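**Q** Build me a model:
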Amino acid sequence: MLKIAVCGAAGRMGQRIIVAAMEAGCEISGALERPGHELLGQDAGLFAGCGLLGVAITDDLNAVVAGCDVLIDFTSPKVSLKNLEVCALKRKAIVIGSTGFTPEERDFAAELAKEIPAVLAPNMSVGVNVCFKVLKDVAKILGDDFDVEIVELHHNKKKDSPSGTAVRMGEVVAEALGRDYNKVATYHREGICGERTKEEIGMQTVRGGDIVGEHTVYFIGMGERIEISHRAMTRDMFSRGAVRAAKWAAGKAPGLYDMQDVLGLK
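**A** Down below sits the predicted model:
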């Protein structure tokens, strides 16, 4: 039975991952939280709503990693990289769903992943990753005749902007069109900013309420428009995808992977 440890076990995603792992027939071997968290010492299963597991929430990263086969981490880039370092030292696989990584942080993750299998994806949803594949194909077909705009909506507690999923959508489209995303992404328009260039990819952000996550990519041509959208109604799809990634990563060769690898979409 695959032993899964969860980082951020008391958070919204952490709780859903615990439930998803149990439903998938995996064992919860560890539950990690930050030092000083008010729920340290509490049973992770009881808090997640799936019954007594006999696994106490702890802040001992080394012990949690040592006791698992795969660590699932939905926290923040800095925390995830620290966890990745420990997993690399102990030769344990890791699945990272954190967003907001800088290019330098992603490079560091790739370096660490030379020692272990690491799945790093801004969105673990199967549906979103199918969208990535579709966007690549559509962009190649439409070429430069259509303007591209991306709009993403999330809850008012989300800290990074634009979302990691929106950025990845922009990267996929830019790559398909032969453009450098970091040079063509436009995050802000205000005042007399001039006409829109053909190369730019607009990135618009909306924050409010309890929106789990919505993303729409607009391909806008003369007299016609194509919209490709994904709407998340619950966080369960992310947790199920993360557990699927963990089961896939166990026993894989070292390297930095994403959900396209997990789903066989490459």
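**Q** Looking at the residue lying closest to K252 once chain neighbours are set aside now. What's its pLDDT?
**A** If the residues on either side of it in the chain are set aside, K252 comes closest to P117, at 4.0 Å by CB to CB, 6 or more residues apart in numbering. In this view, the C-beta of every residue, glycine as well, is placed from N, C-alpha and C. Confidence at P117, expressed as pLDDT, is 98.
**Q** Just list whatever residues bridge to P117.
**A** Taking DSSP bridges as the rule, P117 bridges to G255.
**Q** I'd assumed A93 was in contact with it.
**A** Yes: here P117 reaches A93: they are 4.6 Å apart, a contact under CB atoms under 8 Å.
**Q** Show me whatever sits in contact with both of the two.
**A** Residues touching both P117 and A93 (CB atoms under 8 Å, 6 or more residues apart in numbering): A249, A250, K252.
**Q** Give me the neighbour count for the first one.
**A** The local packing count at A249 equals 23, with neighbours defined by other CB atoms under 10 Å.
**Q** What distance do you get for it to N123?
**A** Per CB to CB, to the nearest Å, A249 is found 17 Å from N123.
**Q** The shared contacts of P117 and A93 into TSV, with extra columns for distance to F101 and pLDDT?
**A** Converted to TSV, these look like this (distance: CB to CB, whole Å; pLDDT from 0 to 100):
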residue	distance to F101	pLDDT
A249	18	97
A250	23	94
K252	21	96
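**Q** could you show me where the helices are in the stretch 101-250 of the chain, in order?
**A** For the stretch 101-250 of the chain, the helices defined by DSSP state H, counting those that start in this stretch occupy 103-112, 126-142, 164-176, 181-184, 236-249.
**Q** Going by neighbour count, which residues in the last one are buried?
**A** Along helix 236-249, these residues count as buried under the neighbour rule (16 or more other CB atoms under 10 Å): 236-249.
**Q** What pLDDT is listed against G100?
**A** pLDDT for G100: 85.
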